[in-house]
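Trainee: structure for this input, please:
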Amino acid sequence: MDRKRKEKIITWLIVVLIATLAGSIGFMILGYFKIGLASGGIFMFVAAFLAEWTRDKSTVYIHRKEYKR
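Mentor: Got it, this is the predicted structure:
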């Protein structure tokens, strides 16, 4: 994948992350607890995926820089 496409994917994941968080809070406030819980679950899944992805990317970057010398 090229760099622009990766940046676009990350941007969309962050937009989805913010939308699910806002939706979850909004549904909880309005009293739709099951929908809010499901939306919160999607938020947690996307947040965990994004955190794991960036951690792996950082580890690979450090490994390449350290052992390339």
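Trainee: other SSEs contacting the helix ranked longest in the chain?
Mentor: Secondary structure of the chain per DSSP state H: the longest helix is helix 33-67. Other helices and strands packing on helix 33-67, by 3 or more Cβ pairs under 8 Å, 6 or more residues apart in numbering; DSSP states H and E, are helix 3-30. C-beta: built from backbone N, CA, C; applies to glycine.
Trainee: now do the helix it packs on: which elements does it pack against?
Mentor: Judged by 3+ Cβ pairs under 8 Å, 6+ apart, helix 3-30 is in contact with helix 33-67.
Trainee: so the helix it packs on versus helix 3-30, what angle?
Mentor: Relative orientation of helix 33-67 and helix 3-30, computed by axes from the mean of the first three to the mean of the last three Cα atoms, to 10 degrees: 150 degrees.
Trainee: now helix 33-67, how far from the chain's geometric center?
Mentor: From the chain centre to the centre of helix 33-67 is a distance of 5 Å (Cα atoms, centre = their mean, to the nearest Å).
Trainee: that helix: which residues count as buried?
Mentor: 36, 39-40, 42-43, 46 (16 or more other Cβ atoms under 10 Å).
Trainee: in CSV, list those residues along with distance to T54 and pLDDT.
Mentor: Formatted as CSV, those follow (distance: Cβ to Cβ, whole Å; pLDDT from 0 to 100):
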residue, distance to T54, pLDDT
G36, 27, 92
S39, 23, 92
G40, 21, 91
I42, 19, 90
F43, 17, 90
V46, 13, 86
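Trainee: OK, contacts around M28?
Mentor: 36, 40 (Cβ atoms under 8 Å, 6 or more residues apart in numbering).
Trainee: how far away is it from L21?
Mentor: Counting by Cβ to Cβ, to the nearest Å, the gap from M28 to L21 is 11 Å.
Trainee: okay, and the common contacts of those two?
Mentor: G40.
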